[in-house]
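Enquirer: next come a sequence and a model predicted from it.
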Amino acid sequence: MRQIIFITVLGHFGAAFAALCMPPFYAHILKQNFSSQALIMAGWYFTLPTLAAAISNPLWGKLADRIGIRASLIRAHWGLCLSFIITGMARTPWEFAFGLTLQGLLGGTFAASNAFLASLLPSKRLTTFLSVMQGSARTALFAGPAIIGLFSDGQNLLHIFFYLAIFPGLAGLVLYFLPARTGVQPDSDSSDNSEVSNNTPSNSIQTGTLNASSLYRFQALFTIGTVLTYPYFVIDLAQRLAIPASLAGALFGLPHALFLLLAWPLGCHVNFSNAQTALARFSALTCAGLLLQVLANNLPALITGRILMGVGMTGAYLAINTLAASTTRQASAGQHFGKLEGANKWGAVLAGILASGLATSMSYTAPIWLACALLAGLSIFIESKRL
């Protein structure tokens with residue numbers, strides 16, 4: 001069991017590393033391999049995989065419950081491998097766009113890995129490993145671009161996609177040859193699990209009235225509220241506080257780095273009984289961090305806002321993971337995590353569209369104000385439902 005879980009997490013890290021390390025270099029790839037006119041479309045290339053994943057993840061999740069969670073995970077890894085190879089073979093901007101779209105359509109390793117873990121682990125252990133998966137993705141988000149940046153001079157970055165295809169390809173191969181394991185293992189700290197049957201979602205006894213549909217909406221709203229602040233963060237700081245791009249990049253990554261530092265200690269205080277409350281309060285803390293950032297007129301205030309945002313985001317993601325574990329049915333784990341990741345992707349797509357519209361028509365801080373309103377609304381709504 002430990003070997004299977006280790007391979008699942010490690011395989012996801014490899015796939016996440018491959019998928020997340022290249023987006024910052026899309027403009028460089030377009031300029032290096034195609035015409036300078038293609039740079040106009042660079043921003044859209046960021047959206048293509050996310051939009052494709054938003055459409056495909058729920059469908060793959062539904063199929064996973066029919067063909068098997070393990071088979072679906074192997075499919076996701078090999079689909080990502082194939083899409084990387086096709087992307088690396090691109091000879092025109094349209095072929096490059098096609099390859100990126102395939103990454104979203106054929107991938108989905110995050111949702112597939114979570115569903116696979118849900119088929120193996122009880123709710124309490126699943127919550128822990130969902131947070132590990134979040135940490136895996138964020139580690140890849142930091143390490144990937146930094147490592148690829150070392151090859152940016154004198155190397156055709158388009159060809160790196162061929163090397164990146166090795167990670168998901170190898171992960172799928174290892175999972176294929178591992179022995180199949182079925183059935184959720186019992187909680188090590190519980191001698192009686194008869195209260196929860198395979199046909200009864202654990203949230204019915206642990207998280208009150210929350211249902212999976214509400215969780216998908218919470219996930220989408222929280223994603224919109226945070227991703228709204230991403231696209232124009234660097235240029236906003238350059239204009240408002242005269243902060244150079246190098247420092248702005250470090251500040252951008254600060255909340256994500258805090259996840260890796262705080263996930264374990266905060267996770268000890270988030271459980272099935274208080275997950276909804278935690279989501280409401282950490283969403284409010286994220287809102288406070290954003291509010292301090294948008295009002296900041298100096299660097300210390302901005303850093304304080306980023307730290308508050310990081311703590312809030314970490315706690316909120318931990319709460320969402322706990323709620324995801326508590327609303328999982330083993331028989332429909334694929335569909336559940338496919339819809340949850342689909343909500344996350346649709347939230348990111350909508351946030352990008354809203355940020356572009358607000359920034360161009362109003363100001364670079366307008367998306368942050370909207371993010372504050374959405375996160376405050378989410379916090380108030382959850383708290384009102386608990387009363």
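Expert: Arrived safely. Numbers count the residues shown, from 1 in each chain.
Enquirer: so for stretch 356-364, what gets flagged as buried?
Expert: Leu358, Ala359, Tyr364 (16 or more other C-beta atoms under 10 Å). Backbone N, C-alpha and C define where each C-beta goes, glycine included.
Enquirer: contacts for that stretch next, please.
Expert: Gly43, Pro231, Tyr232, Ile235, Asp236, Gln239, Arg240, Ala366, Pro367, Leu370 (C-beta atoms under 8 Å, 6 or more residues apart in numbering).
Enquirer: and these, which two are the farthest apart?
Expert: Spatial extent of those (C-beta to C-beta) is set by the pair Gly43 and Arg240 at 21.2 Å.
Enquirer: more neighbours, these two?
Expert: Higher neighbour count among Gly43 and Arg240: Arg240, with 16 against 13, using other C-beta atoms under 10 Å.
Enquirer: list the contacts of that one.
Expert: Tyr364, Thr365.
Enquirer: swap in 7 Å and give it another go.
Expert: Residues near Arg240 by C-beta atoms under 7 Å, 6 or more residues apart in numbering: none.
Enquirer: same check, this time on Leu350
Expert: By C-beta under 7 Å, 6+ apart, the neighbours of Leu350 are Ile224.
Enquirer: pLDDT weak spots in the chain?
Expert: For the chain, residues meeting the criterion pLDDT under 70 lie at 24, 27, 35-43, 146, 152-154, 179-209, 245-246, 249, 330, 386-387.
Enquirer: of the contacts of stretch 356-364, keep whichever come out buried.
Expert: Neighbour-count burial (16+ other C-beta under 10 Å) applied to these gives Pro231, Tyr232, Asp236, Arg240, Ala366, Pro367, Leu370.
Enquirer: touching, the third one and Thr365? I think so.
Expert: So the one you mean is Asp236. Yes. Using C-beta atoms under 7 Å, Asp236 is in contact with Thr365, at 6.3 Å.
Enquirer: skipping its backbone neighbours, what lies nearest Ala284 in space?
Expert: Ser379 (4.1 Å; C-beta to C-beta, 6 or more residues apart in numbering).
Enquirer: how many other residues sit next to that neighbour?
Expert: 23.
Enquirer: and the helix or strand in which Ile29 is found, which residues are buried?
Expert: Per DSSP states H and E: Ile29 is located in helix 26-33. Buried residues in helix 26-33, defined by neighbour count with 16+ other C-beta under 10 Å: Tyr26, Ala27, His28, Ile29, Leu30, Asn33.
Enquirer: ok, of those residues, which one's closest to Arg281?
Expert: Nearest to Arg281, judged by C-beta to C-beta, of these is Tyr26 at 37.1 Å.
Enquirer: what about that closest one, distance to Ser213?
Expert: 35 Å (C-beta to C-beta, to the nearest Å).
Enquirer: my read is that Leu302 contacts Val294, right?
Expert: No. Taking C-beta under 7 Å as the definition, Leu302 is not a contact partner of Val294, at 9.6 Å.
Enquirer: by contact count, what packs against the helix or strand hosting Leu80?
Expert: If you go by DSSP H and E, Leu80 is part of helix 69-88. Other helices and strands packing on helix 69-88, by 3 or more C-beta pairs under 7 Å, 6 or more residues apart in numbering; DSSP states H and E, are helix 2-20, helix 42-67, helix 93-106, helix 109-118, helix 160-164, helix 166-177, helix 333-361.
Enquirer: now the angle from that helix to helix 42-67?
Expert: Angle of helix 69-88 versus helix 42-67, following axes from the mean of the first three to the mean of the last three C-alpha atoms, to 10 degrees, is 150 degrees.
Enquirer: which residues sit against helix 69-88?
Expert: Contacts for helix 69-88 (C-beta under 7 Å, 6+ apart): 11, 15, 18-19, 60, 63-64, 96, 99-100, 102-103, 106-109, 112-113, 115-116, 119, 158-159, 161-162, 164-165, 168-169, 171-172, 175-176, 180, 333-334.
Enquirer: cool, and stretch 218-232?
Expert: So stretch 218-232 is in contact with 279, 283, 286, 290, 313, 316, 320, 340, 343-344, 346-348, 350-352, 354-356, 359, 364, 367-368, 370-371, 374-375, 378, going by C-beta under 7 Å, 6+ apart.
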